[in-house]
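> just need the structure, nothing else, for what follows:
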Amino acid sequence: MRKLLVVTALVLFAGVAFGQTLNKGGAIGIHEWTLKLNPDVTMNQFLEIWENTAVPIMKKAIPEQTPFLLKGIGANNKFEYIGLYYYNSIEDFRKYWNEDGPTEKGVAAMESYGPLMEEMSKLGEFTYTAKDWIIIK
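Numbering: from 1, shown residues only. Predicted coordinates for the structure are as follows:
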């Protein structure tokens, strides 16, 4: 019984400590990916590089951004992946991106992705279409 209480308390604490909410006025970048992996590359290899290489590089280059990887689960998007990039505020987003493209800080961040893009290109073709959104409700 005591173990159950301790485990329950830890689970509740973990949920509160690591919970993420989307704030009104926050910004979201949605990058719809097109992946054409080389025949000798698996999706798991790609996902491992995303998690272990890409995310740390992105967090260092743009600390205000929280990157997520989404996988389609419906009949119309079963094998699709999307990069979702969350910013707590439009001001954080605008430090890097404006209506016309990247700011100076955005260009610098993208340049720091060079080694990552080289590694990704070894896996196959990787392109994306980016759309940015502000949370209004």
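> give me the low-pLDDT residue ranges for the chain?
1-20 (pLDDT under 70).
> that one: strands as residue ranges?
For the chain, applying DSSP state E gives strands covering 27-37, 65-71, 81-87, 97-98, 101-102, 124-134.
> check these for me and report the most buried one.
Neighbour counts (mean count of other CB atoms under 10 Å) averaged over each of those peak at strand 81-87, with a mean of 19. (Glycine included, C-beta is placed from N, CA and C.)
> contacting residues around that strand?
Here strand 81-87 makes contact (CB atoms under 8 Å, 6 or more residues apart in numbering) with 20, 22, 26-33, 35, 58, 64-72, 93, 128.
> try stretch 41-56
For stretch 41-56, the surrounding residues in contact (CB under 8 Å, 6+ apart) are 35, 37, 67, 69, 116, 119-120, 123-124.
> how about 6 Å then?
Residues outside stretch 41-56 that contact it (CB atoms under 6 Å, 6 or more residues apart in numbering) are 67, 69, 116, 123-124.
> nearest residue to the middle of the protein?
Pro67 (2.5 Å; CA atoms, centre = their mean).
> surely it touches Lys60?
No: counting by CB atoms under 6 Å, Lys60 is not a contact partner of Pro67; they are 11.5 Å apart.
> pretty sure Glu32 sits against Thr129.
Yes: counting by CB under 6 Å, Glu32 does reach Thr129; the two are 4.9 Å apart.
> spit out the contact partners of Leu22.
Neighbour list for Leu22: Ile135 [criterion: CB under 6 Å, 6+ apart].
> please read the previous query as pertaining to Val107.
With contact set as CB under 6 Å, 6+ apart, Val107 has no partners.
> how much space between it and Trp97?
For Val107, the distance to Trp97 (CB to CB, to the nearest Å) stands at 10 Å.
> count the neighbours of Met58 for me.
The tally of other residues near Met58 (other CB atoms under 10 Å) stands at 20.
> now it: closest residue in space, sequence neighbours ignored.
Sequence neighbours aside, Pro67 is the residue nearest to Met58 in space, at 5.1 Å (criterion: CB to CB, 6 or more residues apart in numbering).
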